[in-house]
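Enquirer: no sequence on this one, just coordinates:
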């Protein structure tokens, strides 16, 4: 299996986060990358650095203004009097009746939907290279690989077309799905991160060519709170092409696997040419942002289930935060997927 990792992504190591009214250490730490690389090494999987993808691959799902902001925000921020080391907004618009601002303070509030995705000196090149990894994994699938893995840091599934949040900057999974659309008329995205993929949902909500399926802890009392409910099924041409499978907090292996089965059934009905998997490992019982209680063996079973569906798929790393189990969980999931060795259906 081809695996992609860009060393530049390790330089993204954000500090700021606001938790329960207190400034705390951000959970999206560079150490995550080292733990994930250890999981690949345990399976004997080498990584390769991806080539740079085209700028048009980013603007296929993001606005040009958002991409330009991510690229230049930190430099502009440093020109402010007494500027902090990271771009963190302190004002937010009501976008439905707002005008796009010129000043960096206003644009920070426009494009950063919450303070958990601060932009540091190396964040742009890190998220740009993470997107390169996602596109490289998608290209490997287009080239005939049954599966490929992109170790993306920062993650992306909370970012919509025009804003970032939840530790995410560029939406790597959405970029990969749009790239797969170059060959396939229909592409599916399966998101198994413990948090709802609200950004991915928003990007494709009115489209019928990309089916989005998210399996996550109930957002009534868990991040991202405002989206991810079962009644959200798409709109316009996209009606019926968004599926949210909501689980009660602290659900374990059995209900999680049942939701994956239901999601795979809907994807089979959709009959896509390929799939993107938003691979969150934070559904684990020991993850520090705990919302579910999946075991390491549960991840192995999930990997086997998804591979046995018989679709070529690009895996894009999402969450999974600092715990002693992160390496074990990635190795278990990928090991299960490789053990399945299902024949791939082609279209």
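Expert: Good, I have the coordinates. This is a predicted model, so every value here is computed, not measured.

Enquirer: mind listing the helices for the stretch 1-150 of the chain?
Expert: All helices of the stretch 1-150 of the chain, identified by DSSP state H, counting those that start in this stretch, fall at 31-42, 55-59, 64-77, 104-111, 123-142.

Enquirer: Now do the shortest one: distance to the chain's middle.
Expert: A distance of 17 Å separates the centroid of the chain from that of helix 55-59, by C-alpha atoms, centre = their mean, to the nearest Å.

Enquirer: Please shift the residue numbers so they start at 50 in all later answers.
Expert: All set: I'll call the first residue 50, so the last point we hit is now helix 104-108.

Enquirer: Give me the helices and strands touching it, please.
Expert: helix 113-126, helix 172-191, helix 221-229 (3 or more C-beta pairs under 8 Å, 6 or more residues apart in numbering; DSSP states H and E). Every residue, glycine included, has its C-beta placed from N, CA and C.

Enquirer: in it, what's buried?
Expert: Within helix 104-108, the residues that count as buried by 16 or more other C-beta atoms under 10 Å are 106, 107, 108.

Enquirer: Residue 361: which of those is nearest?
Expert: Residue 361 has its nearest neighbour among these in residue 106, at 18.8 Å by C-beta to C-beta.

Enquirer: returning to that earlier point: need the winner for burial among the helices and strands packed on helix 104-108.
Expert: Using mean count of other C-beta atoms under 10 Å, the stretch among the helices and strands packed on helix 104-108 with the greatest mean number of neighbours is helix 221-229 (a mean of 31).

Enquirer: So what are the sheet partners of the helix or strand following that helix and their directions?
Expert: Per DSSP states H and E, the first helix or strand lying C-terminal to helix 221-229 is strand 236-240. Using DSSP bridges, strand 236-240 pairs in its sheet with strand 259-266 (parallel), strand 323-328 (parallel).

Enquirer: Could you dump the helices and strands packed on helix 104-108 into a markdown table and include mean pLDDT and distance to residue 387?
Expert: Shown next, in a markdown table, are these (pLDDT from 0 to 100; distance: least, C-beta to C-beta, whole Å):
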| stretch | mean pLDDT | distance to residue 387 |
| --- | --- | --- |
| helix 113-126 | 98 | 34 |
| helix 172-191 | 98 | 15 |
| helix 221-229 | 99 | 20 |
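
Enquirer: Show me how far stretch 112-132 is from its chain's centre.
Expert: Distance, centroid of stretch 112-132 to centroid of chain: 23 Å (C-alpha atoms, centre = their mean).

Enquirer: which residues touch that stretch?
Expert: Outside of stretch 112-132, the residues within contact range by C-beta atoms under 8 Å, 6 or more residues apart in numbering are 104, 107-108, 133, 135-136, 149, 153-154, 156-157, 159-160, 168-170, 172-173, 176-177, 210-213, 218-219.

Enquirer: give me that answer again for 7 Å
Expert: The set of residues external to stretch 112-132 that reach it, using C-beta atoms under 7 Å, 6 or more residues apart in numbering, is 107-108, 136, 149, 153, 156-157, 160, 168-170, 172-173, 176, 210-212, 218-219.

Enquirer: in the protein, what spans have low per-residue confidence?
Expert: Judged by pLDDT under 70, the chain has its weakly predicted residues at 390-396.

Enquirer: Return the distance of the spatially most distant residue from the centre of it relative to residue 154.
Expert: Going by C-alpha atoms, centre = their mean, the residue of the chain most distant from its centre is residue 130, 34.2 Å out. Using C-beta to C-beta, to the nearest Å, residue 130 is found at 11 Å from residue 154.

Enquirer: swap in residue 272?
Expert: Applying C-beta to C-beta, the value for residue 272 to residue 154 is 25 Å.

Enquirer: ditto for residue 161
Expert: According to C-beta to C-beta, residue 161 and residue 154 sit 11 Å apart.

Enquirer: ok so, going back, neighbour count for residue 272 and residue 154, which is higher?
Expert: residue 272 (20 against 15; other C-beta atoms under 10 Å).

Enquirer: Out of the helices and strands packed on helix 104-108, which is closest to residue 373?
Expert: Evaluated over these, closeness to residue 373 peaks at helix 172-191, with 24.4 Å, by C-beta to C-beta.

Enquirer: so the closest one versus strand 323-328, what angle?
Expert: Computed by axes from the mean of the first three to the mean of the last three C-alpha atoms, to 10 degrees, the angle separating helix 172-191 from strand 323-328 equals 140 degrees.

Enquirer: Quick one: list the elements packing against helix 172-191.
Expert: strand 51-53, helix 113-126, strand 196-199, helix 221-229, strand 362-366 (3 or more C-beta pairs under 7 Å, 6 or more residues apart in numbering; DSSP states H and E).

Enquirer: would you turn those into JSON lines with distance to residue 267?
Expert: Listed next are the helices and strands packed on helix 172-191 as JSON lines, based on distance: least, C-beta to C-beta, whole Å:
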{"stretch": "strand 51-53", "distance to residue 267": "33"}
{"stretch": "helix 113-126", "distance to residue 267": "29"}
{"stretch": "strand 196-199", "distance to residue 267": "28"}
{"stretch": "helix 221-229", "distance to residue 267": "22"}
{"stretch": "strand 362-366", "distance to residue 267": "24"}
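
Enquirer: Nearest to residue 100, out of the ones you listed?
Expert: strand 51-53 (9.8 Å).

Enquirer: so what does that closest one touch, helix or strand wise?
Expert: Checked by 3+ C-beta pairs under 7 Å, 6+ apart, strand 51-53 has strand 96-97, helix 172-191, strand 196-199 packed alongside it.
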